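> All I have is the shape, not the residue letters:
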């Protein structure tokens, strides 16, 4: 059933000179961002400041999650200079914090973990003092791949649970709720000093409040330090419909419930995304 999007939840895209400058620089460097590839509603706000969440390993995903607008199909060739390009961008825009994510690459033996390493090393070689947050796929639950990434000089390891267990078969085909929880749990177990573990979920996909609260408990038990909770917004007619739109006051309730479950830092709201204002969430952990 179609649910009309409320007027207060409509965010305009602004093509200001600063936004256009950011878009041009990203394109000229041959980089991808999840901001553009996943049709993030916050893109204008972030691009005005020159901030972006970089998408590595191409922009074609080997999975086809029902909520996501990222292209899927034949994977692209790996650009081994992505880290250098991201570092160049960060230097020009004087960025001190970067969020780097990737498409899921089930075609690669390590799921792309070694490329994450290459990217972080290249960034740190040019900009040793910047902070790097990694938002990774589930690596098919491969602990070695998780360990490879956790051994990097990063400040946040993030893997999104996205939704409640019951909806996985419909919303996240190819993924597994327990597997994703175990990725987070293992990351927390081996995390060195100064590395925080983060996850994100969407609401409005058909979950119940009870299922959400159970998910908060699961994430707390896994040792998650930061949780983001945002409204699912259908990016195209090809994606799963929105079940309902959650009012801001309900997000405050979700935030309180997640904190009471034992998650130290919770950021919740209609437009919240795991990469949105990521540095601010990280600083709250310190």
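Done, it's in. These numbers were taken from a predicted model, which means no experiment stands behind them. Residues are numbered from 1 along each chain as shown.
> now the helices for the protein?
17-29, 34-37, 43-49, 82-93, 113-126, 143-150, 168-171, 177-190, 209-221, 248-261, 278-284 (DSSP state H).
> List the buried residues in the third one.
Translated: helix 43-49. 43, 44, 45, 46, 47 (16 or more other Cβ atoms under 10 Å). No exception for glycine: its C-beta is placed from N, CA and C like everyone else's.
> Same check on the first one?
By neighbour count, with 16+ other Cβ under 10 Å as the criterion, the buried positions of helix 17-29 are 19, 22, 23, 25, 26, 29.
> which residues make contact with the lowest-mean-pLDDT helix or strand in the chain from outside it?
Every helix and strand of the chain was ranked by mean pLDDT, DSSP states H and E. The lowest is strand 71-72, at a mean of 90. Under the criterion Cβ atoms under 8 Å, 6 or more residues apart in numbering, residues 37, 59, 60, 61, 62, 63, 64 lie in contact with strand 71-72.
> Give me the longest strand you can find in this protein.
Using DSSP state E, we find that the single longest strand of the chain is strand 196-203.
> how far is that one from where the chain is centred?
Relative to its parent chain, strand 196-203 has a centroid offset of 8 Å by Cα atoms, centre = their mean, to the nearest Å.
> and if you look at stretch 31-40?
11 Å.
> mean confidence score for that stretch?
Stretch 31-40 shows a mean pLDDT of 93.
> Use 45 as the first number for this chain going forward.
Renumbered: residue one is now 45, and that last one reads stretch 75-84.
> Between the two ends of it, what distance do you get?
16 Å (Cα to Cα, to the nearest Å).
> Tell me where this structure is predicted with low confidence.
45 (pLDDT under 70).
> Recalculate using a threshold of 90.
For the chain, the stretches with pLDDT under 90 are 45-59, 82-83, 113, 116-117, 217, 236-237, 280-281.
> coming back round to it: CSV for the contacts of strand 115-116, including neighbour count and distance to residue 204?
Shown next, in CSV, are the contacts of strand 115-116 (neighbours: other Cβ atoms under 10 Å; distance: Cβ to Cβ, whole Å):
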residue, neighbour count, distance to residue 204
81, 20, 15
103, 20, 17
104, 16, 19
105, 23, 14
106, 18, 17
107, 17, 13
108, 15, 16
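> Number of residues surrounding the nearest residue to residue 126 once chain neighbours are set aside?
Using Cβ to Cβ, 6 or more residues apart in numbering and skipping the chain neighbours, the partner closest in space to residue 126 is residue 100 (5.0 Å). Burial measure for residue 100: 25 neighbouring residues, criterion other Cβ atoms under 10 Å.
> right, and residue 100 touches residue 161 too?
No. At 11.3 Å, residue 100 does not count as touching residue 161 under the criterion of Cβ atoms under 8 Å.
> check contacts around residue 214.
Taking Cβ under 8 Å, 6+ apart, we find residue 214 in contact with 110, 284.
> Please apply the same query to the one 10 residues further on.
Counting by Cβ under 8 Å, 6+ apart, residue 224 touches 182, 203, 204, 205.
> what's the first one in contact with, if anything?
Neighbour list for residue 182: 148, 155, 203, 219, 220, 223, 224, 227 [criterion: Cβ under 8 Å, 6+ apart].
> Quick one: buried ones out of the residues you listed?
By 16+ other Cβ under 10 Å, the contacts of residue 182 give 148, 155, 203, 219, 220, 224, 227 as buried.
> From residue 315, how far out is the last one?
Taking Cβ to Cβ, to the nearest Å as the measure, residue 227 falls 26 Å from residue 315.
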